[in-house]
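Participant: Any chance you can model this:
(one chain, ligands or ions: 2)
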Amino acid sequence: MNVLFTNIKELIQVREIAVDFLSGKEMNILPTIKNAFLLVENGLISNFGLMENCPKTELKIIDATGRMILPSWCDSHTHLVYAGNRESEFVDRINGISYKEIAGKGGGILNSAKKLQTTSEAVLYSQSKVRLEEIILLGTGAVEIKSGYGLTKSSELKMLRVIKKLKDKYPIEIKATFLGAHAVPVKYKNNKSGYLKMLIDDILPVIKKENLADFIDVFCETDYFSVADTELILEAGLEQGLVGKIHVNQFTAIGGIQAGIKNNVLSVDHLEEMRNEDIEALKNTKTIPVALPSCSYFLNIPYTPARKMIDLGLPLALATDYNPGSAPSGNMNFVVAAACVKMKMTPKEAINAATINGAYAMNLQDKVGSITKGKLANLILTKEINSYNFIPYSFGNPCIEKVFLKGKEIKKI
Ligand code: NIG
Ligand code: FE
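Facilitator: Ligands and ions are numbered 1, 2, ... in the order given. Here you go, the predicted structure:
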């Protein structure tokens, strides 16, 4: 797709020299060009600069007067392939039953697994594609999607095949993660090691053979998977070429971050409960912390201590955690606003965390996350706004006028 955007009020997140990710003070720098043009050729960003240097062209022109352009959101943590919903648990929680109590009674992840196991691949696909289309229109241009609601060989593979089909059919960038170690299914209640063995010996080889996943994930948490379980899965994944990403420190801090770093995980996600030693362990590593403020909001649990982590020099990415239990929303605009309001991140930090740092958390930093020549033209064109601070300020009211994937405008699909 070829198109020239002209008279852009402000072109946001311009990186002439590509960066992998931003840490500490760098996160508060958001380079922009005011009164800019942006040229897209063959779906890629091919040139940009000041309007006074705008090339003459026969290409289709979109006049962006009064409006801004930024790279699409990069949502590095979702579970958007799932069956049905869990709004009755939501009401139970309002009535005072805790998330832990609900899970203990066979609700939570096991409830979603029960639904998914009896849902056909075709129906699972049609439910999931609605969510994918919804987030594309909310400005997301790259997304990671996990398995983990199957918990049997056939249902985990069913989830991964649905993710693969979404990847084949939609222009958005998609990365797939195998999260078999999300919860111990009832059948293995007293045989967790048998479940882990099944994941490693029965499912992983098929995933490898059919190239169904990019990453491997574990829910490292009290009552779910221990640090030793986490290491076992991460090592098995690495052997099959799957890099780790872990759910860790959501409710309790048990040393999972250190185990993840030891196994070179790409990201550690959640981090609502952070000890000083956990922050220290992350310093000067290539592992990126990922905060999920929609989950904190929805479950009424603490927010990741982003301010402290960034002030101590760490990088941070933001993602939605879109899933039926702890964050039934894939809206990155809300995530960016919540990060500013609840985690005291500046709009500059939040936009960096939701674009280039999110891209790094999916190993997609060479393709998306900034306005850089050669990257995909996955773009958000805002409505008329005064400054980019308005994006998180206007929480709940996305200020998006149009979205583009590979330079092509995506209308209601
Ligand atoms: O990332 N923490 C573990 N897994 C999901 C939620 C699971 C669920 O409640 O369905 C999460 O929050
Ligand atoms: Fe999650």
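
Participant: what stretches of the chain score poorly on pLDDT?
Facilitator: 413 (pLDDT under 70).

Participant: Please give me every residue in contact with the single nearest residue of the chain relative to ligand 1.
Facilitator: Per CB to the nearest ligand atom, Gly325 is where the chain lies closest to ligand 1, at 2.1 Å. C-beta: built from backbone N, CA, C; applies to glycine. By CB atoms under 8 Å, 6 or more residues apart in numbering, Gly325 lies in contact with Arg86, Glu89, Tyr99, Gly108, Ile109, Asn111, Ser112.

Participant: Distance check, the second one against Thr6.
Facilitator: So the one you mean is Glu89. From Glu89 across to Thr6, the span is 50 Å (CB to CB, to the nearest Å).

Participant: And for the third one?
Facilitator: If you measure Tyr99 against Thr6 using CB to CB, the figure is 50 Å.

Participant: Isn't Gly313 up against Gly24?
Facilitator: Yes - applying CB atoms under 8 Å, one finds Gly313 in contact with Gly24, separated by 3.8 Å.

Participant: on that earlier part again, what about Glu89 and Thr6, which has more around it?
Facilitator: Glu89 (20 against 17; other CB atoms under 10 Å).

Participant: what about that one, distance to Pro324?
Facilitator: From Glu89 to Pro324 the distance is 9 Å (CB to CB).

Participant: Same check on Lys411?
Facilitator: On the measure of CB to CB, Lys411 and Pro324 end up 28 Å apart.

Participant: Of those two, give the one with the bigger neighbour count.
Facilitator: Legend: neighbour count by other CB under 10 Å for Lys411 and Pro324, higher for Pro324 (23 against 8).

Participant: What residues does Gly255 make contact with?
Facilitator: Contacts of Gly255 by CB under 8 Å, 6+ apart are Val227.

Participant: how about Glu89, what does it touch?
Facilitator: Ile102, Gly107, Gly108, Asn111, Gly325.

Participant: Looking at these, which one is closest to Phe48?
Facilitator: Gly325 (41.3 Å; CB to CB).

Participant: The closest one and Gly358, how far apart?
Facilitator: Taking CB to CB, one finds Gly325 at 22 Å from Gly358.

Participant: Close to ligand 1: what parts of this structure are there?
Facilitator: Applying CB under 6 Å from any ligand atom, we find that the chain lies next to ligand 1 at Gly108, Ile109, Ser112, Phe219, His247, Gln250, Cys295, Asp321, Asn323, Pro324, Gly325, Ser326.

Participant: Touching, Tyr82 and Tyr322? I think so.
Facilitator: No - using CB under 8 Å, Tyr82 is not in contact with Tyr322; the gap is 9.0 Å.

Participant: re earlier: and the furthest pair within the contacts of Gly325?
Facilitator: Maximum distance among these (CB to CB): 13.2 Å, for Tyr99 and Ser112.

Participant: neighbour-wise, which of these two wins?
Facilitator: More neighbours surround Ser112 than the other of Tyr99 and Ser112, with 26 against 19 (other CB under 10 Å).

Participant: Okay, and the nearest residue to Asp217 once chain neighbours are set aside sits in which element?
Facilitator: The shortest distance from Asp217 to any non-neighbouring residue, by CB to CB, 6 or more residues apart in numbering, is to Leu179 (4.1 Å). Assigned by DSSP states H and E, Leu179 belongs to strand 173-181.

Participant: Could you chop the chain up by domain?
Facilitator: 3-72+370-409, 74-360 (automatic domain parsing).

Participant: Pick the most deeply packed of those.
Facilitator: domain 74-360 (a mean of 21; mean count of other CB atoms under 10 Å).

Participant: mind saving the C-alpha coords of whichever strand or helix holds Thr6 as PDB?
Facilitator: Assigned by DSSP H and E, Thr6 belongs to strand 3-12. Taking only C-alpha atoms (Å, rounded to 0.1, in the frame of the first residue of the first chain), the coordinates of strand 3-12 have been written out as PDB:
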ATOM      1  CA  VAL A   3       0.200   6.700   0.700                       C
ATOM      2  CA  LEU A   4       1.500  10.100   1.600                       C
ATOM      3  CA  PHE A   5       0.300  11.700   4.800                       C
ATOM      4  CA  THR A   6       0.700  15.500   4.800                       C
ATOM      5  CA  ASN A   7       0.400  18.300   7.200                       C
ATOM      6  CA  ILE A   8       0.700  16.000  10.300                       C
ATOM      7  CA  LYS A   9       0.300  18.300  13.300                       C
ATOM      8  CA  GLU A  10       2.800  16.100  15.200                       C
ATOM      9  CA  LEU A  11       4.400  12.800  14.100                       C
ATOM     10  CA  ILE A  12       5.000  10.900  17.400                       C
END
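
Participant: Just checking: what are the partner strands of that strand?
Facilitator: strand 32-41 (antiparallel), strand 61-63 (parallel), strand 67-71 (parallel) (DSSP bridges).
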